[in-house]
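# Just to be clear, the model below is a prediction. Sequence and coordinates:
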Amino acid sequence: MRTRTLGVAASATFLVLVAFTTPLTTIVSTARELGSGPGGQAWILSSMSVGLAVALLVTGAVGDDHGRRRMLVFGAAALAVTSAAGALAPNTLILVTARIGQGIGGAAVIACSLGLIGHTFPAGPERIRATGVWGATVGAGIAAGPLVMGWLDETAGWRAGFWLLAAGSVALVVAGRLLLAESRAPAPRRVDLLGALLLAGGLMALLAGMVEGRLHWGPVPIGLLVAAAVLVAAFGRWERRVGEPMLDLALFRRPAFVASVAAALATGAGVIGLMSFSPAFLQRALDFTTLQAGAMIFAWSGTSAVVALLARRLPAAFTVRYRLVVSLVVVAAGLALLAGLHPDASALDLLPGMLVAGVGSGVLNAALGQIAVASVPVGQSSVGSGANNTARYVGGAVGVTIVTMLAAHDTPAAIVSGWDTAAIVTAALSVAGALAVLATGLRARVPAAEVG
């Protein structure tokens, strides 16, 4: 049963990350066919992140209390339907709506896949191995997505990628129903509907404001960010008052939980923010082809997948606290190596930074998967996963916004100059994340197998 659970959970996460990266290398042809302007392109690239961030914590909480397998299968079915809708999209609005739906379905899959691992594998070497495999599939999905979708874009058109995702999602529904056992918390709680609506509304407004802000800072994005602040504050107030909250705010008194959220936020704002912009940068500033840009992403994410699998071999004395801190610093070093480029830069100029960032990301992904489920009480593993991954995707939205504002220019020289600045800024955000983990007080002596 453990092998089957890990196989389905890893495959499910891989599929969602492939879906997440789908438009990175196909945006040019997609925008051309649908007539998408700059605003439409920004939403095509960001819409799945919106769905993920909005639904990760909600679906994780529902999965813990009412069935993790059930919620994973539901998410896979939603991913199948919305992928088919994306393949059939006649215009930008329908595609963006489908991508948000993919994010909501993918959120249930990611939160509950890691939640199932946390429930199935006890703390210790077995869980370290399992979360390492899960972390590797994060990198593997990001590595494979741009290459597969770029190849399909050039041979069969960008819509073929969405049909492939729909077929894979149907297979995941079947595997989930046949191979997974149901699991839920020992004492299920009622669904905190108002809390879920307040949090979803707040995060939707936050990410929508940042997407709009990448184009122009005016009344609309500022109004959305104000609405986000009001809704998130209302969510916090409600969670303190309700008897069975969706997110117990007492978790923020746990050093491990705070470290998990802080490291995931820094991961999104740092390496994910820069790498999400990199295909556009490589094609527009350095004249890379779609497949060449995908290959550079593979150098980073493929390395991270291999390193995540090997992370379980790190000595026990190298605690989760140190793994988070050191890996964030290594990621920062890799991002800094990507600065100082020029318009004639080649793949060889980029490769050292991509490889170093990949090594750091691999250890980081494995450690984040482990601490996400170990930092919450027994029975709340999907909540831990949901909170960790929500922070990752909210951080990613912040990172992409920062990078876009710095590097989205009209001429190759200006884009390269902005990219150099963005690389240093995202490196600094990664270092800030390492310092935040240190500041949580997460015990340095707790073995990686236990987490405290």
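On my side now, so go ahead. Residues are numbered from 1 along each chain as shown.

# Tell me how many other residues surround residue 224.
The local packing of residue 224 (other C-beta atoms under 10 Å) involves 20 other residues. Quick note: C-beta positions are derived from backbone N, CA and C, even for glycine.

# Pretty sure residue 191 sits against residue 64.
No - because the distance of 11.1 Å does not satisfy C-beta atoms under 8 Å, residue 191 is recorded as not touching residue 64.

# In terms of neighbours, single out the busier of those two.
Between residue 191 and residue 64, counted using other C-beta under 10 Å, residue 64 has the larger neighbour count: 30 against 15.

# Pretty sure the more buried one sits against residue 384.
No - counting by C-beta under 8 Å, residue 384 is not a contact partner of residue 64; they are 9.1 Å apart.

# Now do the shared contacts for the two.
For the pair residue 64 and residue 384, residues contacting each of them under the criterion C-beta atoms under 8 Å, 6 or more residues apart in numbering are residue 115.

# mind checking which helix or strand the residue of the chain positioned farthest from its centre is in?
Most distant residue from the mean C-alpha position of the chain: residue 344, 31.4 Å away (C-alpha atoms, centre = their mean). Using DSSP states H and E, residue 344 maps to neither a helix nor a strand.

# list the contacts for the residue positioned nearest the centre of the chain?
Within the chain, one residue has its C-alpha closest to the average C-alpha position: by C-alpha atoms, centre = their mean, that is residue 393, at 4.7 Å. By C-beta under 8 Å, 6+ apart, residue 393 lies in contact with 49, 52, 53, 56, 268.

# how much space between the residue nearest to the last one when sequence neighbours are not counted and residue 49?
Once its chain neighbours are removed from consideration, residue 268 has its nearest residue in residue 395; the separation is 2.5 Å (C-beta to C-beta, 6 or more residues apart in numbering). Remark: distance between residue 395 and residue 49 (C-beta to C-beta, to the nearest Å) = 10 Å.

# Point me to the helix or strand that includes residue 61.
With DSSP H and E as the criterion, residue 61 is inside helix 38-66.

# Pull out the buried residues from that helix.
Residues of helix 38-66 classed as buried: 40-66 (neighbour count, 16 or more other C-beta atoms under 10 Å).

# What does the pLDDT read for the residue nearest to residue 268?
The per-residue pLDDT reported for residue 395 equals 91.

# how near is it to residue 430?
Using C-beta to C-beta, one obtains 11 Å as the distance from residue 395 to residue 430.

# The two - which one has more neighbours?
The neighbour count for residue 395 versus residue 430, taken as other C-beta under 10 Å, is higher for residue 430 (31 against 26).

# what sits against that one?
When contacts are counted by C-beta under 8 Å, 6+ apart, residue 430 is found next to 266, 267, 270, 271, 328, 329, 331, 332, 335.

# Number of residues surrounding the residue nearest to residue 376 when sequence neighbours are not counted?
If you skip the residues right next to it in sequence, residue 376 has residue 384 as its closest partner in space, 3.8 Å away by C-beta to C-beta, 6+ apart. The tally of other residues near residue 384 (other C-beta under 10 Å) stands at 28.

# what's the answer for the one 4 residues further on, then?
The tally of other residues near residue 388 (other C-beta under 10 Å) stands at 29.

# What strand or helix carries it?
Using DSSP H and E, residue 388 maps to helix 381-407.

# quick one: the helix or strand hosting residue 208 to helix 381-407, angle?
Taking DSSP H and E as the definition, one finds residue 208 inside helix 193-215. Orientation note: helix 193-215 sits at an angle of 20 degrees relative to helix 381-407 (axes from the mean of the first three to the mean of the last three C-alpha atoms, to 10 degrees).

# quick one on the thing from earlier: ok, now how distant is the residue nearest to the centre of the chain from residue 203?
When residue 393 is compared with residue 203 (using C-beta to C-beta), they lie 9 Å apart.

# shared neighbours, these two?
The contact sets of residue 393 and residue 203 overlap at residue 53 (C-beta under 8 Å, 6+ apart).

# Now render the contacts of residue 430 as a markdown table, adding pLDDT.
Formatted as a markdown table, these follow (pLDDT from 0 to 100):
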| residue | pLDDT |
| --- | --- |
| 266 | 97 |
| 267 | 96 |
| 270 | 95 |
| 271 | 96 |
| 328 | 98 |
| 329 | 98 |
| 331 | 98 |
| 332 | 98 |
| 335 | 97 |
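
# Restricted to helices, list these.
266, 267, 328, 329, 331, 332, 335 (DSSP state H).

# which among the residues you listed gets closest to residue 164?
Of all the ones in helices among the contacts of residue 430, residue 267 has the smallest distance to residue 164: 27.2 Å, by C-beta to C-beta.

# what mean pLDDT does the helix or strand harbouring residue 435 have?
Using DSSP H and E, residue 435 sits in helix 412-439. Mean per-residue pLDDT for helix 412-439: 95.

# mind checking how far it is from the chain centre?
On the basis of C-alpha atoms, centre = their mean, to the nearest Å, the separation between the geometric centre of helix 412-439 and that of its chain is 18 Å.

# Only the buried residues of that helix, if you could.
In helix 412-439, residues buried by neighbour count (16+ other C-beta under 10 Å) are 412, 415-420, 422-427, 429-434, 436-438.

# Could you figure out how far that helix is turned away from helix 381-407?
Between helix 412-439 and helix 381-407, the angle formed by their directions is 140 degrees, by the same axes, to 10 degrees.

# ok, which pair from the ones in helices among the contacts of residue 430 is furthest apart?
When C-beta to C-beta is used, the two most widely separated members of the ones in helices among the contacts of residue 430 are 267 and 329, lying 12.7 Å apart.

# So the two - more neighbours on which side?
When neighbours are counted by other C-beta under 10 Å, residue 267 and residue 329 differ, and residue 267 comes out ahead with 30 against 17.

# ok so, going back, now do the shared contacts for residue 395 and residue 430.
Common neighbours of residue 395 and residue 430 (C-beta under 8 Å, 6+ apart) are 266, 267, 270.

# What is the three-state secondary structure of residue 186?
Using DSSP: H, G, I helix; E, B strand; the rest coil as the criterion, the local structure at residue 186 reads coil.

# Now do the same for it: its pLDDT.
Model confidence at residue 186, expressed as pLDDT, equals 79.

# Next, the contact list for it, please.
378, 379.

# if we can go back for a sec, ok, the residue nearest to residue 268 touching residue 263?
No - counting by C-beta under 8 Å, residue 395 stays clear of residue 263, with 9.7 Å between them.

# longest helix of this structure?
Ordering each helix of the chain by length in residues (DSSP H) puts helix 125-155 first.

# Show me what secondary structure element comes after that helix.
Past helix 125-155, heading to the C-terminal end, the next element that is a helix or strand (DSSP H and E) is helix 159-179.

# mind listing what's buried in stretch 241-260?
By neighbour count, with 16+ other C-beta under 10 Å as the criterion, the buried positions of stretch 241-260 are 245, 246, 247, 248, 251, 254, 255, 256, 257, 258, 259, 260.

# Return the member of those residues nearest to residue 225.
When these are ranked by distance to residue 225 (C-beta to C-beta), residue 247 comes first, at 21.4 Å.
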